[in-house]
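S.K.: A structural model of the following input is requested.
(one chain, ligands or ions: 2)
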Amino acid sequence: MATLSSSQALRASSPRNPSLSLSSKIPLSSAFSVSLRPSRHHGARPLLVVVAAGLDAKPTVLVAEKLGEAGLNLLKDYANVDCSYNLSPEELRTKISLCDALIVRSGTKVTREVFESSGGRLKVVGRAGVGIDNVDLAAATEHGCLVVNAPTANTVAAAEHGIALLAAMARNVAQADASVKAGKWQRNKYVGVSLVGKTLAVMGFGKVGSEVARRAKGLGMHVIAHDPYAPADRARAIGVELVSFDEAIATADFISLHMPLTPATSKILNDETFAKMKKGVRIVNVARGGVIDEEALVRALDAGIVAQAALDVFTEEPPPKDSKLVLHENVTATPHLGASTMEAQEGVAIEIAEAVVGALKGELASTAVNAPMVPAEVLTELKPFVDLCEKLGRLAVQLVAGGSGVKSVKVTYASARAPDDLDTRLLRAMITKGLIEPISSVFVNLVNADFTAKQRGIRITEERVILDGSPENPLESIQVQIANVESKFASAISDSGEIKVEGCVKDWIPHLTKVGSFEVDVSLEGSIILCRQVDQPGMIGKVGSILGQENVNVSFMSVGRIAPRKHAVMAIGVDDQPTKETLKKIGGIPAIEEFVFLKL
Ligand SMILES: NC(=O)C1=CN([C@@H]2O[C@H](COP(=O)(O)OP(=O)(O)OC[C@H]3O[C@@H](n4cnc5c(N)ncnc54)[C@H](O)[C@@H]3O)[C@@H](O)[C@H]2O)C=CC1
Ligand SMILES: O=C(O)C(=O)COP(=O)(O)O
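M.R.: Residues are numbered from 1 along each chain as shown. Ligands and ions are numbered 1, 2, ... in the order given. Presented below is the predicted three-dimensional model:
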């Protein structure tokens, strides 16, 4: 058996490749449904009330930009749908407090103010497309709002538009068309350049970039690509060489941009980089306007460094009517049409509607942008452990005596799996949810779990215990310890002084296996009564008959003791919540030294 330090363990939890199938969603129990709060009126006894989170009413989805019919129909089956296009920022902020979800394309800015105005009701923002640069992700995460996008359905449309612009630019199609319509016949003016044999540099070799590359190869172009994160074998498979940024821009006859707009890519084409390009280079941009310094591009066009540009996207959309760039005679412009085919829009609408409805139901969408991404098969395998984590968190925090602030939590995962074969982010998020929701009105989900814990000053450290043996199960046990607190059930304090609960999964059902230093075995369904008593015959019968008289169904009972006839802890699983009087009667049994009722 070996133990990893917490920092090693956290490093071992490296992000996995989020290559999920689109249908891979798994329900995360009460991710958006209920929160449990201790009543303030019952002293130390943990009476808990369920606070409904508006699940009875249909949720409301605001569709702020045009969405395909098939997607709207999917939404309408589950929610009230308000299609309000062209809202001003003020109108959006006013409406948002009445909405559970918002669907946008690239034309709506979902700012921090939008999240603030939602008053906590907005649970999911769906971006019906790829680029999420119009959504303030940090603000979404801080407000516990999931952001999902539709990353695949418009890939081909964007790639085809890139190729359309490439060919149209090379052959002056747009300018020649305007000239013919103006009654002219200028065959000499619009002599173009050929594509075959020319070098195309694809900047950003992701979904769209690689489809552009594939098509350009079919046109007989020599294709190179620059992408610091793209795997070389994927490029090789298409017959494309990955090169450095400088080599790409210096050798290309045509440059096609396909990277996201991020702080690192903002104005990546600027005066300095234009100066390194081949004179007469031609540029296509169907990514984002902001990746080009547009004023520098006008200068490069005027200087003849850039012979032509074909642009679908602009820093400001729509661009100003007097934009020098748009009006430049060597520029072909389209109004952000990359994703605008009938087929892509139907696909995007369905993709985003499914993701939004799934998120509203509390499922973890595979296209979540600001939540832990875990591959589908791992999610399925971890499902019972996800439940176990939330329940251990709930139990542990309900054992804390009022007035002791929870600051330091340690989670220990015992597993025979190699450290890099177990991503614990999802498990940690669920423990955090279990720890925080019973003691606050804060709604915790996978999106905001780490942020919320940090904000509340709760430090969660993780440790891995590596077991020998067959690694068939992802985990053998999970232990949650809360340090520096007093417990309302003294037996929950371990020998080392922390509140300790431990559990495992048996036949896909989470079980509680340890409380403090006492071994128990109770399935974590319904709720639990923990009693410490002097170990003596007849105790199970006495407690059982009180519960029976009050019609409380017992699902499980288990007794863990230190030694025969000394202290024992009895864990009783109950399907129904006992009344205060019933609990009082149990407390009144003479051999019972302490007891606690814990709601799962
Ligand atoms: N004009 C339109 O209507 C449409 C525009 N788009 C835009 O196209 C772009 C690409 O979309 P996808 O291919 O779906 O995204 P993707 O995420 O599949 O690909 C983006 C690629 O850019 C790479 N990248 C990141 N930083 C880079 C850097 N500094 N230099 C070079 N490469 C870098 C990434 O490694 C990734 O491989 C996005 O900006 C998206 O918003 C997408 C669809 C339609
Ligand atoms: O998906 C993207 O990134 C796009 O740019 C498409 O934008 P749109 O949905 O057409 O406003």
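
S.K.: Tell me the residue of the stretch 51-200 of the chain that sits nearest ligand 2?
M.R.: Going by CB to the nearest ligand atom, ligand 2 is nearest to Gly129 of the stretch 51-200 of the chain, at 2.6 Å. Backbone N, C-alpha and C define where each C-beta goes, glycine included.

S.K.: burial of that residue, as a residue count?
M.R.: Residue neighbour count, defined by other CB atoms under 10 Å, stands at 25 for Gly129.

S.K.: do the same with Glu463
M.R.: Neighbours of Glu463 using other CB under 10 Å come to 18.

S.K.: ditto for Glu581
M.R.: When neighbours are counted by other CB under 10 Å, Glu581 comes out with 9.

S.K.: Without its sequence neighbours, what residue ends up closest to it?
M.R.: Glu550 (7.8 Å; CB to CB, 6 or more residues apart in numbering).

S.K.: Based on its surroundings, how many neighbours for the closest residue in space to Thr579 that isn't next to it in sequence?
M.R.: Nearest residue to Thr579, sequence neighbours excluded (CB to CB, 6+ apart): Glu550, at 6.5 Å. Neighbour count of Glu550, defined by other CB under 10 Å: 15.

S.K.: what's Glu550 in contact with, if anything?
M.R.: Counting by CB atoms under 8 Å, 6 or more residues apart in numbering, Glu550 touches Pro578, Thr579, Glu581, Thr582.

S.K.: and the gap between it and Lys599?
M.R.: 17 Å (CB to CB, to the nearest Å).

S.K.: Quick check: Leu530 touching Ala490?
M.R.: No - Leu530 lies out of contact with Ala490 (CB atoms under 8 Å); the separation is 11.0 Å.

S.K.: returning to what we had before: which two of the contacts of Glu550 have the greatest separation?
M.R.: By the measure CB to CB, the contacts of Glu550 have their two most distant members at Pro578 and Glu581, which lie 8.4 Å apart.

S.K.: any idea which helix or strand comes after the longest helix seen in the chain?
M.R.: Longest helix in the chain, counting residues (DSSP state H): helix 376-398. Using DSSP states H and E, the next helix or strand after helix 376-398 towards the C-terminus is strand 408-415.

S.K.: Sheet-wise, list the partners of that next one with their directions.
M.R.: strand 459-466 (parallel), strand 477-483 (antiparallel) (DSSP bridges).

S.K.: Include distance to Val505 when you put the ones you listed into JSON lines, please.
M.R.: As requested, the strands paired with strand 408-415 are exported to JSON lines (distance: least, CB to CB, whole Å):
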{"stretch": "strand 459-466", "distance to Val505": "16"}
{"stretch": "strand 477-483", "distance to Val505": "9"}
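
S.K.: which of the ones you listed sits most buried?
M.R.: strand 477-483 (a mean of 22; mean count of other CB atoms under 10 Å).

S.K.: Report the angle between it and helix 376-398.
M.R.: 40 degrees (axes from the mean of the first three to the mean of the last three CA atoms, to 10 degrees).

S.K.: neighbour count winner among Leu530 and Ala490?
M.R.: Remark: of Leu530 and Ala490, Leu530 carries more neighbours, 25 against 14, as counted by other CB under 10 Å.

S.K.: outside of the helix or strand hosting the more buried one, which residues touch it?
M.R.: Assigned by DSSP H and E, Leu530 belongs to strand 527-534. For strand 527-534, contacts defined as CB under 8 Å, 6+ apart pick out 395, 489-492, 512, 515, 520, 522, 539, 543, 565-574, 577-578, 583, 586, 589, 591-600.

S.K.: could you redo the last one with a cut-off of 6 Å?
M.R.: 489, 491, 539, 567-574, 591-600 (CB atoms under 6 Å, 6 or more residues apart in numbering).

S.K.: Sort out which residues of that strand are buried, please.
M.R.: Ser527, Ile528, Ile529, Leu530, Cys531, Arg532, Gln533 (16 or more other CB atoms under 10 Å).

S.K.: What's the per-residue pLDDT of the last one here?
M.R.: Okay, so that is Gln533. Predicted confidence (pLDDT) for Gln533: 85.

S.K.: returning to that earlier point: now the angle between strand 527-534 and the helix or strand just after the strand holding Leu530, please.
M.R.: Per DSSP H and E, the first helix or strand lying C-terminal to strand 527-534 is helix 539-549. Helix 539-549 and strand 527-534 are oriented at 140 degrees to each other (the same axes, to 10 degrees).

S.K.: ok but Arg503 is inside a strand, no?
M.R.: In this structure residue 503 is Gly, not Arg. Yes - under DSSP: H, G, I helix; E, B strand; the rest coil, Gly503 sits within a strand.

S.K.: give me the number of residues near it?
M.R.: For Gly503, using other CB under 10 Å, the count is 27.

S.K.: got it, and Val569?
M.R.: 27.

S.K.: taking the contacts of strand 527-534 one by one, which sit in helices?
M.R.: Met539.

S.K.: Please indicate which of the contacts of strand 527-534 are buried?
M.R.: 489, 491, 539, 567-574, 592, 594-600.

S.K.: In strands, which of those residues fall?
M.R.: If you go by DSSP state E, the buried ones among the contacts of strand 527-534 have 567-574, 592, 594-599 in strands.

S.K.: which one of those residues is nearest Asn172?
M.R.: For these, the nearest to Asn172 is Lys599 (72.1 Å; CB to CB).

S.K.: Low-confidence stretches in the protein?
M.R.: 1-56, 364-365, 372-377, 402-404, 441-443, 470, 561-566 (pLDDT under 70).

S.K.: burial count for whatever residue of the stretch 401-550 of the chain ends up closest to ligand 2?
M.R.: Closest approach between the stretch 401-550 of the chain and ligand 2, counting by CB to the nearest ligand atom: Val447, at 21.2 Å. Val447 has 28 neighbouring residues, counting by other CB under 10 Å.

S.K.: what's around Ser117, how many residues?
M.R.: 17.

S.K.: So that it lines up with my notes, have the first residue be 40 from now on.
M.R.: All right, first residue 40 from here; so that's Ser156.

S.K.: Contact partners for it?
M.R.: Per CB under 6 Å, 6+ apart, neighbours of Ser156: Arg132, Ile135, Ser136.

S.K.: Could you find the closest non-adjacent residue to the residue of the stretch 190-339 of the chain found nearest ligand 1?
M.R.: Closest residue of the stretch 190-339 of the chain to ligand 1, CB to the nearest ligand atom: Gly245 (1.8 Å). Among residues not flanking Gly245 along the chain, His297 sits closest, at 6.4 Å (CB to CB, 6+ apart).

S.K.: Is the one you found in contact with Lys246, as I believe?
M.R.: No - using CB atoms under 6 Å, His297 makes no contact with Lys246, being 8.5 Å away.

S.K.: how close does Ile478 get to Ala435?
M.R.: 11 Å.

S.K.: Nearest spatial neighbour of Pro423, chain-adjacent residues omitted?
M.R.: What sits nearest to Pro423 in space, not counting adjacent residues and going by CB to CB, 6+ apart, is Val544, at 4.4 Å.

S.K.: Fine, thanks again, bye for now.
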